[in-house]
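Peer 1: No letters, just coordinates:
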């Protein structure tokens, strides 16, 4: 078979861990190369995914119809109450709006939608075209906020103004405007905010329950099962616990600066990281040994149940090779550990938005021969999956068909998943899903696995 | 209470560039390329993949702030170069976006420059350029725009030959395969554009493919100028946007405009046209298919008679669906589309003369909240349309029959048939089964024979 070539301008973003290989200097945090078919989306996407789960806010996309249509009910973020976030609102700009400006349409849309749906707040997303036609959305938002009495928050997420990461930042800036506007009288000193947890398939509820069992008060989850009022009083919490650090660390930093709330990075995927998360949080409250005690109890009882269940999967999966390509680099660390606990090795690891520190860590924990990629594309992913003979790919919707075409198993670890993969129960679900895909008898018919060509 | 409505809520349409990318996927060895932000390409890929379950690589010129200020020329050229190198395509299908259109990039000029600059480089792919600003029209405009641009770029004058151009509109890969089969059974050579029957519903790969196999070759599109006729399945496509109209004007290729062949009457019309063009009788296989369909109509007619439905989707799809539903005795109480050609009602009237008397309401340019508001008043028994109607279907407890695009919440949307006697029979079976299932579910007795 012919060798698949890598674009020259992409070479700096690919690294293979080898003895005596090139010094590690993976290029990252740059805009995607034109024509490279990046798996990334845009600034708007970054903002939209972060704010999307706030369930009692109005999310109005200011621009032509596409941006709103493609993000309608897109995430598996569930709500225990209102579900306004699952509707799609757009100013649906037409040619005349582009010529004469969209401010009037934005204003009218906001007034009527707020009247109709009575949201607790409104997020107004700027799309590419707004950055060009120069609508003053800040002014419209101020005006509507004044008239309706609810916070109306502009999100400066013009698609071309940076990368998905800049979109995360824009979302955090909007959230920060809400933080600090609520009452904090009923908040215990033993409390925290869960940041960067989007309640996909109810994951935030699993995590929240662990913390509550430890005796901690969860002030807000941002943004999973999110509520405007909870965000407003988030500054009353004693600690910010940040998962999905790429998206939410900037909010934690802002809150540290403004309200003196310390933060820590955690991950809820895999037994090891899930347990560390609970211990690390417990350590933050040294004057309450009972919290650590409870954390230990939770870990003990959960692991006692889980460990024997995992053995069947481990027996079947030992020696299999996995490729990982996900949005955030932090998740790849947990996935590598989780896969190792199932006896699997990782031959390809990459992310859309990792930073230098992430990739250095990734290199440290990777096995020899592992390929590390930043902002990769289908051609590269296929190349390394084939060359490294991966048995499994972990990714999202866009990566899935690559795996299936090549007769490789797949686990959806992206924001559309419908099965919780976080927490101890999540580790079971993860192992089960990997097992079900890797061990399926259908691969015997795949041409690459000996099936008819 | 009736609310004033400015914003679009739960859109019943997609943006222009999506349709163009889909159509470009139906050209052999072609990479769709969006001139705009990275997100457009990625969102559209994700949206299409969730329906077709196939790899769909769409390149992007990946605008940044400099590009937006100084123009997209540099990024576009670099992107074209990288795509050429990485994919080695024969064709690049270039579609614009709201961003590149608004800053006023002269794409034609940039392409001219690029071709000049790359003169000595390795083989240059053919560039097809469709202008698809997202603030105009809907995905269906992008779809037709891409096909139109492909024909304009590639068609050549030639000695007239036994060849028919077929512009099938936005239908499923299964429909495309069926249309191919029909032409083949008539022994009528056909240039069908687009043809994503393989690229978007193909087999497993023994080795890696940069571009999935299948699609209409550029060389075949070149011959469209020497065809004896063009058939286009549309009622609403304006002359200026119709590739068939362009071929007629430029090369004298006779244009036949037909509604999508759904239902017996519209399929008869299509087959009779094929008989005329091929000067052959309809193959017996299709006589049989038609007979089976008529027989099924008889067997199932009582279940469906007078059932009220709302049908929504692209204008051409709902026009033909309405004709079909009327022919089996169902009442489309509302025919709705997010598209807005301005011709929906007029063209429906041509196919369904008793439109007014039957009380069929027709609305274009609507979103799903409009349709839901209507549903509350009209109390239909069923909804028929793409899977984006599920939200209102669930909320209002009205069963939904999924047809067309997208189908994101059921398996096999790419393999559903809609066209011809065969497609109509499949639709009819599914409609009857939906009624039966509802009867069974609602019955206290739980009949095992229905």
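Peer 2: The structure has been received and is ready for your questions. For clarity, every value in this text was computed on a predicted model and none was experimentally measured.

Peer 1: Name the residues of the stretch 251-400 of chain B found near chain A, please.
Peer 2: B:388, B:391 (C-beta under 8 Å from any C-beta of the partner chain). In this view, the C-beta of every residue, glycine as well, is placed from N, C-alpha and C.

Peer 1: Please report how far residue A:52 lies from residue A:327.
Peer 2: In this view, residue A:52 and residue A:327 are 14 Å apart by C-beta to C-beta, to the nearest Å.

Peer 1: Assess the claim that residue B:238 and residue B:341 are in contact.
Peer 2: Yes - proximity of residue B:238 to residue B:341 meets the contact threshold set by C-beta atoms under 8 Å, at 7.4 Å.

Peer 1: Quick check on the two: which one has the bigger neighbour count.
Peer 2: Using other C-beta atoms under 10 Å in any protein chain shown as the criterion, residue B:238 and residue B:341 rank with residue B:341 on top: 22 against 12.

Peer 1: And the nearest residue to that one once chain neighbours are set aside, how close does it get to chain A?
Peer 2: Residue nearest to residue B:341 in three dimensions, not counting chain neighbours: residue B:236, with 4.1 Å by C-beta to C-beta, 6 or more residues apart in numbering or on different chains. As judged by C-beta to the nearest C-beta, to the nearest Å, residue B:236 and chain A stand 19 Å apart.

Peer 1: which SS state does residue B:236 fall under?
Peer 2: Taking DSSP: H, G, I helix; E, B strand; the rest coil as the rule, one finds residue B:236 in the coil state.

Peer 1: got a list of what it touches?
Peer 2: Residues near residue B:236 by C-beta atoms under 8 Å, 6 or more residues apart in numbering or on different chains: B:315, B:316, B:319, B:339, B:341, B:343, B:344, B:347.

Peer 1: Which two among those are spaced furthest apart?
Peer 2: For those, the farthest-apart pair by C-beta to C-beta is B:339 and B:347; their separation is 11.7 Å.

Peer 1: so what sits against both of these two?
Peer 2: Common neighbours of residue B:339 and residue B:347, counting by C-beta under 8 Å, 6+ apart, are B:236, B:315.

Peer 1: So if I had to pick from the two, which one is more boxed in?
Peer 2: residue B:339 (25 against 18).

Peer 1: Tell me if I'm right that the more buried one and residue B:13 touch.
Peer 2: Yes - counting by C-beta under 8 Å, residue B:339 sits close enough to residue B:13 to count as a contact (6.4 Å).

Peer 1: Run through the chain and note the low-pLDDT ranges.
Peer 2: In the absence of a named chain, chain A is used. Applying pLDDT under 70 to chain A picks out residues A:1-2, A:19-23.

Peer 1: Wait, chain B was what I had in mind.
Peer 2: In chain B, residues with pLDDT under 70: B:1-4.

Peer 1: contacting residues around residue A:392?
Peer 2: Taking C-beta under 8 Å, 6+ apart, one finds A:320-323, A:344, A:403, A:408-411, A:434, A:437-438 in contact with residue A:392.

Peer 1: In a markdown table: those, plus secondary structure, neighbour count and distance to residue A:245.
Peer 2: Listed next are the contacts of residue A:392 as a markdown table, based on DSSP: H, G, I helix; E, B strand; the rest coil; neighbours: other C-beta atoms under 10 Å in any protein chain shown; distance: C-beta to C-beta, whole Å:
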| residue | secondary structure | neighbour count | distance to residue A:245 |
| --- | --- | --- | --- |
| A:320 | coil | 19 | 28 |
| A:321 | strand | 18 | 27 |
| A:322 | strand | 28 | 22 |
| A:323 | strand | 28 | 22 |
| A:344 | coil | 24 | 24 |
| A:403 | helix | 24 | 27 |
| A:408 | coil | 25 | 29 |
| A:409 | strand | 24 | 28 |
| A:410 | strand | 21 | 25 |
| A:411 | strand | 26 | 22 |
| A:434 | helix | 25 | 24 |
| A:437 | helix | 20 | 28 |
| A:438 | helix | 21 | 29 |
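
Peer 1: Most widely separated two among those residues?
Peer 2: A:344 and A:403 (15.1 Å).

Peer 1: anything in contact with each of residue B:339 and residue B:13?
Peer 2: residue B:138.

Peer 1: Tell me how many other residues crowd the closest residue to chain B within the stretch 351-453 of chain A.
Peer 2: The nearest approach of the stretch 351-453 of chain A to chain B comes at residue A:447, 3.7 Å away (C-beta to the nearest C-beta). Number of residues near residue A:447 (other C-beta under 10 Å) recorded here: 16.
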